[in-house]
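Asks: Could you look at this predicted model? Sequence included:
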Amino acid sequence: MPNGPRGKMNGQAKDFKNAIRRLVLELKPYKVLIFIALILAGLGSVLSILAPDQLSRLTDEVSKGLIINTENLEEFSNKMSDRLNEEKIKTAMSEIIKLDISENKIKKIMSSSTIKNEDKGKLNEALPKLQTEADKMAILKELPESILIEFLSDSTYNKEKITKEDKVKLIKMDQEKLNLPESVLNSLLEPITIDGINITKEDQKITVLKLQEMNEDLSSEELYKKIEEMPESIQSLVEPFMDIEAILKIVYLLVAFYLISALFNYIESISMTNVSNKFARSLRKKISLKINQLPLAYFDKHQSGDILSRVTNDVDTIAQSMNQSLSTLVSAITLFIGTTIMMFVTNWVMALTAIFSSLFGFIFMFGVLSKSQKYFVQRQEELGNLNSHIEEIYSGLNVVKAYNGQNLAIKEFDELNERVYECNRKSQFLSGLMMPMMNFIGNFGYVAVCIVGALLTLNGHISFGVIVAFISYVRLFTSPLAQIAQAMTSLQSTAAASERVFEFLDEKEMESQKDIHLELKKETVKGNIEFKNVVFQYEGNEKPTIKNFSAKASSGQKIAIVGPTGAGKTTMVNLLMKFYELTDGEILIDGISTKHLTRENIHSLFTMVLQDTWLFEGTVKENIKYNRKNISEERIKEVCEFVGLDHFIKTMPEGYNSMIQDIDSVSSGQRQLMTIARGMIEDAPFLILDEATSNVDTRTEELVQKAMDKLTEGKTSFIIAHRLSTIKNADLILVMKDGNIIETGNHEELMKQKGFYADLYNSQFEL
Amino acid sequence: MLKLFKNLGKKEWGMVLVCIFFIVGQVWLDLKMPDYMSEITILVQTEGSEMKNILLNGGYMMACAFGSLIASIIVGYVAANIAAVFSRNTRRKLFSKVTDLAIQDVKQFSTSSLITRTTNDITQVEMLIAMGLQLLIKAPITAFWAITKILNKSWQWSMITAIAVIVLLTVIGILMIIVLPRFKIVQKLTDKMNGVTRENLTGIRVVRAFNAEKYQEEKFEEVNKSLTNQQLFNQKKFAILSPVMYMVMYGLTLAIYTVGAYLIRDAALSSKLALFGDMIVFSSYAMQVIMSFLMLAMIFMILPRASVSAKRINEVLDTTLKIEDGTEIKETSEVGTVEFKNVSFKYPDAEEYLLKNISFKANKGETVAFIGSTGSGKSTLINLVPRFYDVTEGEVLVDGINVKEYKQEELHNKIGYVPQKAVMFHGTVSSNVTYGENGREKITEDKMKEAIRVAQATDFVEKMDDKYLSHIAQGGTNISGGQKQRLAIARAIARDPEIYIFDDSFSALDYKTDSILRHELKKYTKDATSLIVAQRIGTILNADKIIVLDRGKCVGMGTHKELLKNCEIYKEIAYSQVTKEELDNA
């Protein structure tokens, strides 16, 4: 039995659309909660789309704190160049230098013994030019220092003392490099204040000198190092400004985002949990109600394991996927659509890049997935085969051993096991690929977006912020695709499961009894029964099981039905109880056709004890009392004493309150007695005993027999028995064969006939 | 659990090593990626970066990603193989162990439990290996590696990460403590619900006959309600996990950034840039750390279930075999005899003896019958002959030799055993009748047909669609009880044994078939010895020896006539079935 439903478990729905439509229809009572949950799921996704944007803003803000304050630096250099521009320097120079080119000086130089002749010659060459040319500086520059120093004298400028040596330097200064002597620089500079920071002349000087050392293509790191060598005032001037306030603002916003998102998520899953569990409960309830609405014929054709798996496995599958996939699906789809829109709004080239790079991976992945699905189905099948082999061998182990079948069993096991192994290996491997592939797709998208983004930036099409935004969009885009894929597969199994559940719920029920108003009171029923041309044919059978059967029994009679297996004895009982509807003819109780009576009414007129002793998990008392109310303890005890159970029950640890759990602890004879007691506890005019003693050994049977004789007193009873000794004293014996009553009469009459019954009876003494 | 891993061969351990190697490689590549990622991010964010650099780093990152993919594919392949090999080997070991177990042990475990152990439990452990093996190796390596990568970057960040991990583990821990015991309750309630449904289904006629539909529905609804409530409780508690995880992960990133902002602000200019890079790298490593702790937590969630399964598997594997094989015996002094010498039997832990001091001898060609009420020990007694159980005291001799001295196979070759409940295997009529090995040549088709004829099964077999090759479903569900019993008898006949054992094997047959079958059987097996357990007096009337058992003791031995005279219990049994006159006439 367990291998039956197992095979179907992960199957596909026959009609996916219909199954889902039906599911949606059934979910209607929960629409408010579902709606709320789905809205929240959607909103949560919207927040997820917005959040990365803020996160990249946060990153931007923090990274702004890295960039040196170029504004201040610019202002500083502007101020510097303001002071140190060529014009100013020129006028300052002329004011500072103050050449004294008098005749005396020239003579003094010419007569000086320390000055080289060569230099003197140079001066001679330059002298005429000095008189005529306007740009004296250029000419002066050419003059040797030894000569220049003679023309100059120490002086003060802007309160700064400038030595002649410095003046020489000034003259000799390279205009390009502006390497002014310190004293001159000092005289030119004034303390300045930028952005509230005072920069002393000294600092300005150092900075200017440092700046002069820098060349254009300096890397940012080198630049930062240089700046670190500059005076503190300058450092604080260019210090990157970390806008903590702005950062905190974004952080607070994000915290709010996340909190709300988490809250949404929580509310959503709580409401979906509610919905799915309540839905599951109602489905289970419906199934349980349905069981009792189905005709008995249904259970002849369907295994109980199959129905059981609908109650548990299938309903669980539905509940689980409702709980998880439904909201996942909604939030994933929202995320997917939202991200797509956001991407296209931001930049279509980048959007296409992101989508294509992910899709490329996904197509590949779906290929792998569908292949793994195939192996999974195959694995399920092979596992089913293996399991049923195991089940078969284990349950028939005594025969396997006695017939030396072990080798054979192991050989077959090995074959099946090997097949499972092959499928196992493949399906496990392929399904395990999912995660790494997802990761790879994510990374691939990331790199693609970065490269294409960088290209576009170089061409000036987009700003850097776009790339940063896309980096998060790619993340957001790939994860819902995987979720959708997963949700779809789980939706598949949900569809299959709900199809099976609804298929059961939609099974044809027993005929409605609304129009039946007649009721036979069991207190007043006399106990006459008549079969009139009864014909019964099982659905799907070619030939009728009961053919044109007529018989009469009057109140208080004992009617026995005998015959070989398959003769239709139990069918008779089923018809009597209206478990099945007659194909033709009718059964009359006190002259009233059972067609005009409700099933419940008929059942209440009969006490029935069956071959299989049905006890449930519960106490002895509960099992005997069963569903009847207003049964006193005394009555239970009385009945148990009557059937001879009292002694046995008293030997049990807790007497009437002992639990019946272990089937082995109560022998089949005792079980039989309990079911008889259950039947006896309420009086009914009719009694049916369907092979009620076949499981019991003959000595116990005697005991049961006595109890049953008491039970049948004054009642119209139908007895089906295997052991002919049980029914010898019946008023009427119906001998059945192949659905027909072939002989009727009491024991003596039948024995005289020397027919089938006599044959049957005598055969038990032959060897 | 660990004990089970002994079922992996050297090759598989080698594969585990390969697995570890590639996982380390994968982790290395995975942890390398954030470096390139931050490099790219910085390049993209700073103006004037060269395309060449972005391409270069992008290329590196793709190489890492691809390498990681390849490594994880290899790991996945190897792990899937290990898991599959494990389950195949363990299942085989378990299966052959169960077939070697004594029937007594099988009963103790119960057949259905043994089936679950061989199927579900093994699948459970297999799942753990397939998923867990990777995670179990990968998570600690990743955690450790990622931690070492970020540990000396900044103690503030490390602190935050540690706090996040602790918060997450605490929440998971608390949830587990609250919810885990309730999972067991849910399991119990599910079982109960199944029980109530099964009860309603198996007793559907009784339920209807008693108009007890309401009663059953209420009973169901009660369990349904408490199951739903329990599930709701569990799932509502679990609903908190996902938002908390979400909050912790994103909160961690935010915290790292915020703290990072302060750290960068206060840092010296030259180290600012490096700090920023560190921050980005740190946040992605911190994610890896959190993720690996989550993975570990996940393993601990599936571990208990798998370890329960592993324990159940080991219970079977560790059972010592109670029945030991004897040595080969070729020649026996007698043929077709069964002798019990002062045999007593009780279950190892039981106080009461099931059989006490039984002695008798069945000679070649004799029929010995056993009768007695339910629980008198009839079945146990004849199950001692094929050594389904071993005697506690005394000895059982077959062909004059103690059954313990035979190889089991040899012993079974002498015996044709028909159990109480006819066992049918999935296959054909023919494959069922010719089942097993009898130490001689294979059973011929004629022999098979002959056996079916003797067993009175020819009629119905010939009527079946494919006659002798007709399909028999597992457990013989497509044929009736009586038909099954006849085929089971045919199986014993086809085997041509010295000794037949019929353990109440005629119960499902009607009197007539029963009687004809026994006639034919007697004719066919003149030389064979038969041991018959029966309920019906008619079945054993003409036995050479009838042994009457009552509560494990022999209370009478003799022929029918003798016993009627001198055995009170036999008389009671007989008269409960047929009248005195009938007996006298018979």
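Replies: Now that the structure is in, tell me what you want to look at. Quick caveat, the model's predicted, so the values are computed rather than measured.
Asks: Not counting residues beside it along the chain, what's closest to whichever residue of chain A sits closest to chain B?
Replies: Going by CB to the nearest CB, chain B is nearest to A:Y403 of chain A, at 2.9 Å. Every C-beta, even on glycine, is put in place using the N, C-alpha and C of the backbone. Leaving aside its chain neighbours, A:Y403 sits nearest to B:G436 (2.9 Å; criterion: CB to CB, 6 or more residues apart in numbering or on different chains).
Asks: Phi, psi for that neighbour please.
Replies: Backbone torsions of B:G436, given as degrees, to the nearest 10, read phi 80, psi -170.
Asks: So for the chain, the centremost residue is which one?
Replies: Picked chain A for this. For chain A, the residue sitting closest to the mean C-alpha position, by CA atoms, centre = their mean, is A:Q324 at 4.6 Å.
Asks: That was the other one, I meant chain B.
Replies: Judging by CA atoms, centre = their mean, chain B has its centre closest to B:R117, at 2.3 Å.
Asks: What is the neighbour count of A:E245?
Replies: 8 (other CB atoms under 10 Å in any protein chain shown).
Asks: If you could redo that for A:S271, that was the one I meant.
Replies: As a measure of burial, A:S271 has 21 neighbours, counting by other CB under 10 Å.
Asks: does it really touch A:L33, like I thought?
Replies: Yes: in this structure, A:S271 is within contact of A:L33 by CB atoms under 8 Å, at 4.7 Å.
Asks: Across the sheet, point out what pairs with B:M557.
Replies: Judged by DSSP bridges, the bridge partners of B:M557 are B:I547.
Asks: how about the residue of chain A closest to chain B, what does it touch?
Replies: B:H412, B:Y417, B:Y435, B:G436, B:E437, B:N438, B:R491, B:R495 (CB atoms under 8 Å, 6 or more residues apart in numbering or on different chains).
Asks: Which strand or helix spans the first one?
Replies: When you say that, I think you mean B:H412. helix B:408-413 (DSSP states H and E).
Asks: hang on, the earlier thing: find me the pLDDT at the residue nearest to the centre of chain B, would you?
Replies: On the pLDDT scale, B:R117 is placed at 80.
Asks: List the contacts of it.
Replies: If you count contacts by CB under 8 Å, 6+ apart, B:R117 has them with B:L94, B:F109, B:R312, B:I313, B:E315, B:V316.
Asks: Are any of these buried, and if so which?
Replies: Those of the contacts of B:R117 that meet the buried threshold are B:L94, B:F109, B:R312, B:I313, B:V316, by 16 or more other CB atoms under 10 Å in any protein chain shown.
Asks: Need the worst-confidence member of those residues.
Replies: Scanning these for pLDDT, the low point is B:F109. It has 75.
Asks: if I look at it, how far off is B:S480?
Replies: Separation of B:F109 from B:S480 (CB to CB, to the nearest Å) stands at 30 Å.
Asks: before we move on, what about A:I636?
Replies: Here the criterion is CB to CB. By it, A:I636 lies 38 Å from B:S480.
Asks: So for the closest residue to chain A within chain B, what's the pLDDT?
Replies: Closest contact between chain B and chain A, by CB to the nearest CB, is at B:G436 (2.9 Å). Confidence at B:G436, expressed as pLDDT, is 78.
Asks: Run through the residues that contact the nearest residue to B:Q216 once chain neighbours are set aside.
Replies: Excluding the flanking residues, the one nearest B:Q216 by CB to CB, 6+ apart is B:N200, at 4.7 Å. B:N200 makes contact with A:S288, A:I291, A:N292, B:V207, B:Q216, B:F220, according to CB under 8 Å, 6+ apart.
Asks: Next, the buried residues of stretch A:63-82.
Replies: A:S63, A:G65, A:L66, A:I68, A:N69, A:N72, A:L73, A:F76, A:K79, A:M80.
Asks: Chain B next: which of those are close?
Replies: Residues of the buried residues of stretch A:63-82 in contact with chain B (CB under 8 Å from any CB of the partner chain): A:S63, A:G65, A:L66, A:I68.
Asks: Save those as JSON lines, and put in secondary structure and pLDDT too.
Replies: As requested, these are exported to JSON lines (DSSP: H, G, I helix; E, B strand; the rest coil; pLDDT from 0 to 100):
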{"residue": "A:S63", "secondary structure": "helix", "pLDDT": "75"}
{"residue": "A:G65", "secondary structure": "coil", "pLDDT": "75"}
{"residue": "A:L66", "secondary structure": "coil", "pLDDT": "74"}
{"residue": "A:I68", "secondary structure": "coil", "pLDDT": "73"}
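Asks: Let me know the closest of those residues to B:M279.
Replies: Comparing those against B:M279 with CB to CB places A:S63 closest, at 9.6 Å.
Asks: Am I right that that closest one is in contact with B:F276?
Replies: Yes: with contacts counted by CB under 8 Å, A:S63 reaches B:F276, the gap being 6.2 Å.
Asks: So which of the contacts of B:R117 are in helices?
Replies: Secondary structure from DSSP state H places B:L94, B:F109, B:R312, B:I313, B:E315, B:V316 of the contacts of B:R117 in helices.
Asks: how about TSV for the residues you listed, with distance to chain A added?
Replies: Formatted as TSV, those follow (distance: CB to the nearest CB, whole Å):
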residue	distance to chain A
B:L94	9
B:F109	10
B:R312	15
B:I313	13
B:E315	15
B:V316	11
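Asks: Setting the sequence-adjacent residues aside, check what's closest to A:N292.
Replies: Spatially, and ignoring its direct neighbours in sequence, A:N292 is nearest to B:E213 (3.9 Å; CB to CB, 6+ apart).
Asks: For the one you found, what are phi and psi?
Replies: Per-residue torsions, B:E213: phi -60, psi -50 (degrees, to the nearest 10).
Asks: State the distance from it to A:G460.
Replies: Going from B:E213 to A:G460 by CB to CB gives 80 Å.
Asks: Please say which of these two ends up with more neighbours.
Replies: In this view B:E213 and A:G460 are compared by other CB under 10 Å, and B:E213 has more residues nearby, 21 against 7.
Asks: coming back round to it: in terms of secondary structure, what does the helix holding B:H412 contact?
Replies: Helix B:408-413 makes packing contacts with helix A:397-402 when contacts are defined by 3 or more CB pairs under 8 Å, 6 or more residues apart in numbering or on different chains; DSSP states H and E.
Asks: So which residues make contact with the helix it packs on?
Replies: Contacting residues not belonging to helix A:397-402 are listed as A:393, A:405-406, A:409, B:98-99, B:101, B:103, B:106, B:111, B:383, B:386, B:388, B:408, B:412, B:415, B:417, B:419, B:423, B:435-436, B:488, B:491 [CB under 8 Å, 6+ apart].
Asks: quick revisit: closest to A:H302 out of the contacts of B:N200?
Replies: Distances from A:H302 to these, taken by CB to CB, are shortest for A:I291, at 10.7 Å.
Asks: picking up where we left off before, more neighbours, A:I636 and B:S480?
Replies: The neighbour count for A:I636 versus B:S480, taken as other CB under 10 Å, is higher for A:I636 (21 against 13).
Asks: ok, that one - contacts?
Replies: Contacts of A:I636 (CB under 8 Å, 6+ apart): A:K621, A:I624, A:K625, A:Y656, A:A677, A:I681.
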